[in-house]
Every structure is written in structure tokens, then in C-alpha cells.
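*Asks:* here is my input; please provide its structure:
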Amino acid sequence: MAASDSPSAALRRRDLCSRGIRLAGKMRSDVVDLLDTYVERQGLDASASVVAVEGVPAAAVERWDEQTGTQRLLENLAAYRAFRALLAQMLEEQREQLGEADAALGRALAAVLLQVSAFAYHLEELLRLESHGPPSEEGASPPPPSHLSLFEKKLRGLGVLRELAQWAVRSARDLRQIAKPSLGSSSAPSLAESP
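*Replies:* You can find the predicted model right below:
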């Protein structure tokens, strides 16, 4: 019997998923608050259109309902690892631009970065539970942006935060799907099985 088929593993997975859903909800709330602060402090228009940002994974996915639990976890993990690198870059840029003049924005960015890191770790734990283990982080960080103007950096930051808010919603949805018990089976499904 695989580790993912045991009743204790199924309970552990449901517990991890429930906690992950709460973490994603809190993260989304904090990101939405940060978005408001970011727009105000950066002097941007909240309705500004931002083209897809290089290195920012898109939360939208085709055929979401056909993905396996493992695919969902791996995509989420890759996204949050990318967001961790992007947010660290934004935090550094913000410190360079404003110094300590805008400490509140820096603290808010740092807090969201911490939540993203914790959520990535949480996803790694779910993958370990399924005996898949998380993939290495080699090449996981996005390439550094090439000589962006200050305004372009601000827009990139806006795009990163907007997409992160969308990922928080998708992550909660993915974890709800993963936590669902198998239909017609007495034991919980493996994450590798199709829903």
C-alpha cells in the first residue's frame, strides 16, 4: 500500500490542504491590501493595464479539471518559487528607490514574501507526503529584467502582485480539489491519479 493510500496519510493530506487553503486566503487578503498600498505609493493608476510580465507565471490554465493532484502541486510550487524571486527583487528595488522613506511598503512586501516562502514550503510538504518530493530549484528563478525604466519596474511590480492574488485564488481551488475524497473508493486517492 502506498503512503498516499493509508488512512493516516489521507488525514494528513486533508489537514495540510485545509491549512494551505487558509494560508492562501490570508495571503490573498494581504496581497490585495498590498496592491492598494503599492498603487498609491508608486503613483500608479489602479486600473492600469499590465501586459504579461516575463517570469510571472499565469494562474489561468486550460483544462484545469483534467489536471492531476501532482500536476496542480507542481505548478503551484513552480509559481510560488518564481514569485519568491520576483518579490525579493521588488523588495530590493523598492529599498534602492525609496530607501527607508517608505518603510511601510517595504514591510508589507517583506510580509508577503514571507507568506509566499511559507506557502512554497507547505506545497513541498504535500509533495513529500505523496512520495514525490519537490523538484530542485535549479533554474527556478526568473531571469533578471533587462534595464527597465523606473516606470516599467513599477508596472512589473503591479503585474506581479495582481498575478499573485490570482494564484492565491487558484491555489485554494487546487487544494480543495486535492483534499476531496475519492468517489467510490474507501481510501483517499493518490495525488498522481486523475480527479
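
*Asks:* my guess is residue 91 meets residue 106, correct?
*Replies:* Yes. Contact criterion CB atoms under 8 Å: residue 91 and residue 106 qualify, at 6.6 Å. C-betas here are computed from N, CA, C, even on glycine.

*Asks:* contacting residues for the residue nearest to residue 111 when sequence neighbours are not counted?
*Replies:* Spatial nearest neighbour of residue 111, chain neighbours left out: residue 30 (6.6 Å); criterion: CB to CB, 6 or more residues apart in numbering. Residues in contact with residue 30 (CB atoms under 8 Å, 6 or more residues apart in numbering) are 108, 111, 112, 115.

*Asks:* farthest-separated two in those?
*Replies:* The distance between the two most remote of these (CB to CB) is 10.8 Å, for 108 and 115.

*Asks:* residue ranges with poor pLDDT in the chain?
*Replies:* Counting by pLDDT under 70, the ranges of the chain that qualify are 1-5, 98-101, 132-133, 138-146, 182-195.

*Asks:* rerun that using 90 as the cut-off
*Replies:* Scanning the chain for pLDDT under 90 picks out 1-13, 41-43, 45-71, 92-106, 129-154, 180-195.

*Asks:* can you tell me the centre-most residue of it?
*Replies:* residue 80 (3.7 Å; CA atoms, centre = their mean).

*Asks:* whichever helix in the chain runs longest: which residues count as buried?
*Replies:* Counting residues, the longest helix found in the chain (DSSP state H) is helix 7-42. Neighbour counts over helix 7-42 (16 or more other CB atoms under 10 Å) mark 9-10, 12-14, 16-17, 20-21, 23-24, 27-28, 30-31, 34-35, 38-39, 41-42 as buried.

*Asks:* and if you look at stretch 45-63?
*Replies:* 50, 53, 55, 56, 57, 59.

*Asks:* residues touching the closest residue to the first one other than its chain neighbours, list them.
*Replies:* The shortest distance from residue 50 to any non-neighbouring residue, by CB to CB, 6+ apart, is to residue 159 (3.9 Å). Residue 159 sits next to 50, 51, 52, 53, 56 when contact means CB under 8 Å, 6+ apart.
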